[in-house]
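Peer 1: dropping the sequence and predicted coords here.
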Amino acid sequence: MDNLSTQKEEQVLQGVAASPGIAMGPVVFFGSELVTVEQRTLADSEINREVETFCKAIEKAKTDLQKLVEKTALSIGRESAKIFEVHQLLLEDVLIVDETVKRIREEKKNADQAFLEVMENFEVSLESIEGEYLKARAADIRDVKRRVIRNIQGNAHPRQKKLKEPAIIFAKELTPSDTVNIERNKVLGFAMDFGGRTSHAAIMARSIKVPSVVGLKKIGQLLHTGDFVILDGNSGVLIINPTLKTIDEYKRKFSDYRNIQNKLKHLKGLPARTRDGKDIELSANIEFPDEVKAVKESGADGVGLFRTEYLYLTKSELPTEEEQFNEYKSIVKSLNDQPIIIRTFDLGGDKAPKAISLPPEANPFLGARGIRLYRDEGINLFKTQLRAIVRASAYGKVRIMFPMISCVSEIRYCQQVLNDVKDEFRKQGIPFAEDIPVGAMIEVPSAAVIADIISQECDFLSIGTNDLIQYALAVDRGNEHIAYLYQPYNPSVLRLVKDVIQKGHKNGVWVGICGEMASDPLITMLLIGMGLDEFSVSPVSLLLIKEIIRRVECAECINIVEEVISFGTPDEIVKYLRKVMKNRFQDLYLLF
Ligand code: PEP
Ligand code: MG
């Protein structure tokens, strides 16, 4: 450590704080799919074998694609399967195949390098042409490129990496499935070039309690495997080659941070009740079943958001009804009658299922995502999941929630399919709870505006602020370049949230927030003042939020809302909230 810190200059880089905590250790680069191609000059004796390897890789890619065409046609529909037929066609393209073979033979390049060059040239020429259609085809090229290179290298899952010792993982970009697949017990922290605070990889990092900084932009160019770094997931700072002085400073911070957290532990068995007696439901968000133990230990009132996408992100086969039923049942049972809100799958956007490939889209977050995948042939996937959830309802307090609702007909559609499932079970004598509460996620502005009408169709509303912010402000939640515009404190966002709560209450339904905004201590008093009934937070933030709830009175929170709602800019709001909260919670402020 001493050597490292004195040999090289310290560099402090600011990114986006994505998951709290402080980590120190060596960096390991998480293998990105393509940059691992290494150029070699072939000996003459190797050339024929290399051409043969390339041809076999192409044949294997075609066979795999054919299987994907069939699987996708069955599970999603013929239309979606066409995308893989396009990929197959690309592999038939003599220009691509012949040009690669030529580079292997004439330039003596290894097959993966030769193919990479050919495909990249092709990609660049498509990207430079005006028009969304051709730009989208560039994404197909990238997909095919990865597939064939993986085959050449004989490595079916190049991104699964074994760590020899605990390390901080650096990746340009981790997909949610990378985060799921990575060996968790050896990961000290995540640092990423891409992403924002609510990108799904960041949320998953929080759920597995790994300190993380994202949106570091081009930091990959400054780092090397083995570099010693400090990663501060509270302030979003990454320090490369820290000096001894900095290391000491962070060791102190780390221990202060731990001390405050230890002090909060006594709250576990206590209710989230304000000083003037208002009970608030404080639940936890989970991404994986094995978090339930942590949820129970954390003193949560239950699970306010169980994201079920992991079932589709980790396995190359679609999860069956039986598999899902067993998963849900065991979670529901282990919660001992505490409620759990199971959200039906919200695939699409940045969550690509492994078993089926969704067609590439120019704007995935505005495309076939969440409920939009439940219609047509997608109904089978949806119904399979609903059947499993409804069966699990016989074992505890299950609530169901649907993602990406944007209009009344969508919530009606989901209710209809749910009723069909229940009817079938009644006829078959399969046990389930008759009165499963059903909720709509309010995360699309159109739904927020008509939350009074949507709430007539369901039992509760849960505001998905992660998406509501991105759609209301037109700011991609995962784009590091515009992360400064992704503003939970934007007056438009706060007004929307306040409106939704009021509209839900007018119809007598309770309203919660399951987006990351609920985990932000700076905003807790404001949300209490707005009348929020339920906070569903990351388990790492639960005790801090509980402590704030227990120390305040509703009347003072309402005053804060009245003050804040008159401000016109996020800066004014943040400044005001910082001042209020710092005065009020000096002893906890390091965690804010
Ligand atoms: C949200 O959008 O706030 C939400 C909770 O859902 P997700 O983050 O999974 O999109
Ligand atoms: Mg969402």
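Peer 2: Yep, that arrived. Numbering: from 1, shown residues only. Ligands and ions are numbered 1, 2, ... in the order given.

Peer 1: confidence score at residue 33?
Peer 2: Reported pLDDT at residue 33 in the predicted model: 42.

Peer 1: for residue 92, same thing?
Peer 2: So residue 92 comes in at 87 (pLDDT).

Peer 1: number of residues surrounding it?
Peer 2: A count of nearby residues for residue 92, using other Cβ atoms under 10 Å, gives 10. In this view, the C-beta of every residue, glycine as well, is placed from N, C-alpha and C.

Peer 1: show me what residue 442 bridges to in the sheet.
Peer 2: On the basis of DSSP bridges, residue 442 is bridged to residue 463.

Peer 1: which residues touch it?
Peer 2: 405, 448, 451, 454, 461, 462, 463, 464, 468, 500 (Cβ atoms under 8 Å, 6 or more residues apart in numbering).

Peer 1: which secondary structure element contains residue 470?
Peer 2: helix 465-473 (DSSP states H and E).

Peer 1: next structured bit after that helix?
Peer 2: As assigned by DSSP H and E, the chain's next helix or strand after helix 465-473 is helix 491-506.

Peer 1: that next one near ligand 1 at all?
Peer 2: No - Helix 491-506 stays clear of ligand 1 (Cβ under 6 Å from any ligand atom), getting no nearer than 11.2 Å.

Peer 1: and the angle from that helix to helix 465-473?
Peer 2: 120 degrees (axes from the mean of the first three to the mean of the last three Cα atoms, to 10 degrees).

Peer 1: and the very next helix or strand once past helix 491-506, average pLDDT?
Peer 2: For helix 491-506, the succeeding helix or strand toward the C-terminus, using DSSP H and E, is strand 510-513. For strand 510-513, mean pLDDT is 98.

Peer 1: list phi and psi for residue 569.
Peer 2: Dihedral pair for residue 569: phi -130, psi 150, per degrees, to the nearest 10.

Peer 1: err, residue 231, not the other one
Peer 2: Dihedral angles for residue 231 - degrees, to the nearest 10 - are phi -120, psi 120.

Peer 1: about what we covered before: what mean pLDDT does the helix holding residue 470 get?
Peer 2: 98.

Peer 1: tell me what it is packed against?
Peer 2: helix 445-449, helix 491-506 (3 or more Cβ pairs under 8 Å, 6 or more residues apart in numbering; DSSP states H and E).

Peer 1: mind checking which of these is nearest ligand 2?
Peer 2: helix 445-449 (11.5 Å; Cβ to the ion).

Peer 1: pull up the residues of the chain that are close to ligand 2.
Peer 2: Counting by Cβ under 5 Å from the ion, the residues of the chain close to ligand 2 are 443, 464, 467.

Peer 1: of all the residues you listed, which comes closest to residue 351?
Peer 2: Nearest to residue 351, judged by Cβ to Cβ, of these is residue 467 at 12.2 Å.

Peer 1: scan the residues of the chain next to ligand 2 and report the most crowded one.
Peer 2: residue 464 (30 neighbours).

Peer 1: you'd agree it is up against residue 445?
Peer 2: No - taking contacts as Cβ atoms under 8 Å, residue 464 lies outside contact range of residue 445: 11.5 Å.

Peer 1: where's residue 414 relative to ligand 2, distance?
Peer 2: 15 Å (Cβ to the ion, to the nearest Å).

Peer 1: setting aside sequence neighbours, what's the nearest residue to that residue?
Peer 2: Leaving out its chain neighbours, the residue that sits closest to residue 414 by Cβ to Cβ, 6 or more residues apart in numbering is residue 402, at 4.6 Å.

Peer 1: for the one you found, which residues make a bridge with it?
Peer 2: Taking DSSP bridges as the rule, residue 402 bridges to residue 440.

Peer 1: contacting residues for it?
Peer 2: Residue 402 neighbours (Cβ under 8 Å, 6+ apart): 343, 344, 370, 371, 410, 411, 414, 438, 439, 440, 441.

Peer 1: and the fourth one, what pLDDT?
Peer 2: Pointing back at residue 371 there. So residue 371 comes in at 96 (pLDDT).

Peer 1: residue 397 contacts residue 341, correct?
Peer 2: No - the pair residue 397 / residue 341 is not scored as a contact, 9.7 Å apart, by Cβ under 8 Å.

Peer 1: which one's more surrounded, the two?
Peer 2: Shown here are residue 397 and residue 341; by other Cβ under 10 Å, residue 341 has more neighbours (26 against 18).

Peer 1: interface residues of the stretch 401-550 of the chain facing ligand 1?
Peer 2: So far as Cβ under 6 Å from any ligand atom goes, the stretch 401-550 of the chain lies against ligand 1 at 443, 464, 465, 466, 467, 514, 515.

Peer 1: the chain too?
Peer 2: 203, 305, 307, 346, 443, 464, 465, 466, 467, 514, 515.

Peer 1: helix/strand/coil for the second one?
Peer 2: Three-state call for residue 305 (DSSP: H, G, I helix; E, B strand; the rest coil): strand.

Peer 1: residue 535 is in contact with that one, correct?
Peer 2: No - here residue 305 does not reach residue 535: they are 10.9 Å apart, not a contact under Cβ under 8 Å.

Peer 1: who touches both of these two?
Peer 2: Contacts common to residue 305 and residue 535, judged by Cβ under 8 Å, 6+ apart, are residue 283.

Peer 1: what is the helix or strand encompassing residue 188 packed up against?
Peer 2: Residue 188 is part of strand 187-192, with elements assigned from DSSP H and E. Contacting strand 187-192 under the criterion 3+ Cβ pairs under 8 Å, 6+ apart are the following elements: strand 16-19, strand 22-29, strand 167-171, helix 200-207, strand 212-214, strand 228-232.

Peer 1: and the longest helix for this protein?
Peer 2: When the chain is parsed with DSSP state H, its longest helix is helix 47-75.

Peer 1: pull the number of nearby residues for the closest residue to ligand 2 within the stretch 51-200 of the chain.
Peer 2: Per Cβ to the ion, the residue of the stretch 51-200 of the chain with the smallest distance to ligand 2 is residue 198, at 8.5 Å. For residue 198, the neighbour count with other Cβ under 10 Å is 25.

Peer 1: quick one: residue 321 from residue 374, how far?
Peer 2: 16 Å (Cβ to Cβ, to the nearest Å).

Peer 1: so for these two, which residue has more residues nearby?
Peer 2: Between residue 321 and residue 374, counted using other Cβ under 10 Å, the more crowded position is residue 374 (23 against 15).

Peer 1: quick check: pLDDT value at the residue positioned nearest the centre of the chain.
Peer 2: In the chain, the residue lying closest to the centroid (Cα atoms, centre = their mean) is residue 200, at 1.4 Å. At residue 200, the predicted lDDT confidence score is 76.

Peer 1: that one contacts residue 352, doesn't it?
Peer 2: No - Residue 200 lies out of contact with residue 352 (Cβ under 8 Å); the separation is 10.6 Å.

Peer 1: so what's the closest residue to residue 506 other than its chain neighbours up against?
Peer 2: Leaving aside its chain neighbours, residue 506 sits nearest to residue 452 (5.8 Å; criterion: Cβ to Cβ, 6+ apart). Residues near residue 452 by Cβ under 8 Å, 6+ apart: 503, 504, 506, 507.
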